[in-house]
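**Q** Attaching a predicted model along with its sequence, questions to come.
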Amino acid sequence: MTADAPVVRAVNVVKIYQTGGLPVPAVRGVDLTVEAGEFVAIMGPSGSGKSTLVHMLGGLDTRTSGEIWLDGRRADTLSESGWAVLRREKIGFVFQFFNLVANMTVADNVELPALLGGVSPRQAKERRDYLLGELGLADRAEASPAQLSGGEQQRVALARALANQPRLLLADEPTGNLDSRNTRDVLRLLGKVHGQGQTIVLVTHDARVASMADRVVSLLDGQIVDDGAIPKSRRRPLGAAGDVVELRS
Ligand SMILES: Nc1ncnc2c1ncn2[C@@H]1O[C@H](COP(=O)(O)OP(=O)(O)OP(=O)(O)O)[C@@H](O)[C@H]1O
């Protein structure tokens with residue numbers, strides 16, 4: 001890590017998909033810098049390029065042109081294995097398709113990234129128990145993912161993403177499929193880890209979720225059309241009682 005470097009930086013990033021020989025521009029020249037400890041919400045209509053952008057920030061999709069920097073290091077030029085190491089060490093993901101390991105218990109799914117990241121087994125277990133407890137999943141630790149509801153799986157995915165205390169948490173609609181109680185647990189935990197300095201970039205369609213962020217970046221047709229800090233006085237506390245009843249589930 002480079003001292004004081006932004007956690008993640010996109011410089012004039014472009015993504016053009018080719019569909020049936022036709023170019024589909026998904027992201028068209030995005031500049032975005034996220035500093036350590038920031039919580040940035042990315043909003044915009046369906047098809048505006050939010051997921052594509054966040055995938056590129058985590059190296060899950062390649063850019064057509066432009067640069068991606070992580071923790072002061074150029075990342076877009078890395079090989080797939082270089083990205084894999086970077087992701088394991090620095091990035092936690094929560095996506096709509098949670099990809100839990102089917103033949104491992106919930107507990108092992110959450111513990112694995114910490115162990116792979118070099119955390120001692122004792123600390124990995126402590127972190128796992130803390131996260132599962134925070135997300136109301138302590139009694140599901142020995143279940144397999146297939147035995148869980150979609151909302152429970154989504155919460156396990158969040159616990160797993162945070163297990164390694166990643167430098168950057170990337171989340172794509174982490175509350176998208178959740179009912180109000182699950183949503184509240186997820187937002188509470190995000191609020192807690194953000195309070196502990198966790199950097200978060202989160203895609204959401206929900207203005208109420210976005211209003212809990214420090215900053216909202218709005219995309220339209222693959223470009224940033226607005227990038228503004230939310231004044232502290234207008235920020236909603238994450239996961240506050242009463243917040244979630246009107247959230248999309
Ligand atoms: N793998 C792909 N191949 C071709 N086109 C794609 C691919 N993924 C995304 N696109 C296109 O790129 C554009 C941006 O898609 P993206 O999923 O990033 O938007 P989004 O803002 O995340 O949308 P949503 O809110 O519906 O998830 C859309 O026109 C989409 O159809």
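**A** Done, it's in.

**Q** Tell me the bridge partners for residue 216.
**A** For residue 216, the beta-bridge partners under DSSP bridges are residue 41, residue 228.

**Q** tally of neighbours for it?
**A** 18 (other CB atoms under 10 Å). Glycine gets a C-beta too; all of them are placed from N, C-alpha and C.

**Q** Is the lowest-mean-pLDDT helix or strand in the chain positioned near the ligand?
**A** Within the chain, no helix or strand scores below helix 207-210, which has a mean of 83 by mean pLDDT, DSSP states H and E. No: on the criterion CB under 6 Å from any ligand atom, helix 207-210 is out of touch with the ligand, staying 13.1 Å away.

**Q** residues from the chain in reach of the ligand?
**A** Within reach of the ligand by CB under 6 Å from any ligand atom, the chain has these residues: 17, 19, 24, 26, 44, 46, 47, 48, 49, 50, 51, 52.

**Q** Kindly recompute the last result at 8 Å.
**A** Residues of the chain found near the ligand (CB under 8 Å from any ligand atom) are 15, 17-19, 24-27, 44-55, 61, 172-173, 203, 205, 219, 222.

**Q** tell me the SS of residue 224?
**A** With DSSP: H, G, I helix; E, B strand; the rest coil as the basis, residue 224 sits in strand.

**Q** Do I have it right that it meets residue 33?
**A** No: using CB atoms under 8 Å, residue 224 is not in contact with residue 33, being 11.4 Å away.

**Q** So for those two, which sits in the more crowded spot?
**A** Neighbours per residue (other CB under 10 Å) separate residue 224 from residue 33, with residue 224 holding more: 21 against 15.

**Q** Now for the more buried one: which residues touch it?
**A** The contact partners of residue 224, taken as CB atoms under 8 Å, 6 or more residues apart in numbering, are 30, 31, 32, 217, 218.

**Q** for this structure, which spans come out with low pLDDT?
**A** Applying pLDDT under 70 to the chain flags residues 1-3, 96-98, 236-249.

**Q** Mind jotting down where the strands sit in it?
**A** 8-19, 22-34, 39-43, 65-70, 73-74, 91-94, 168-172, 199-203, 215-220, 223-229 (DSSP state E).

**Q** Alpha carbons only: can I get the last one in CSV?
**A** As requested, C-alpha coordinates have been extracted for strand 223-229 and formatted as CSV (Å, rounded to 0.1, in the frame of the first residue of the first chain):
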residue,chain,number,x,y,z
GLN,A,223,-21.0,8.5,-17.6
ILE,A,224,-20.9,10.2,-14.3
VAL,A,225,-23.5,12.9,-14.3
ASP,A,226,-23.3,13.8,-10.6
ASP,A,227,-20.8,13.2,-7.9
GLY,A,228,-21.7,14.9,-4.6
ALA,A,229,-20.9,14.6,-0.9
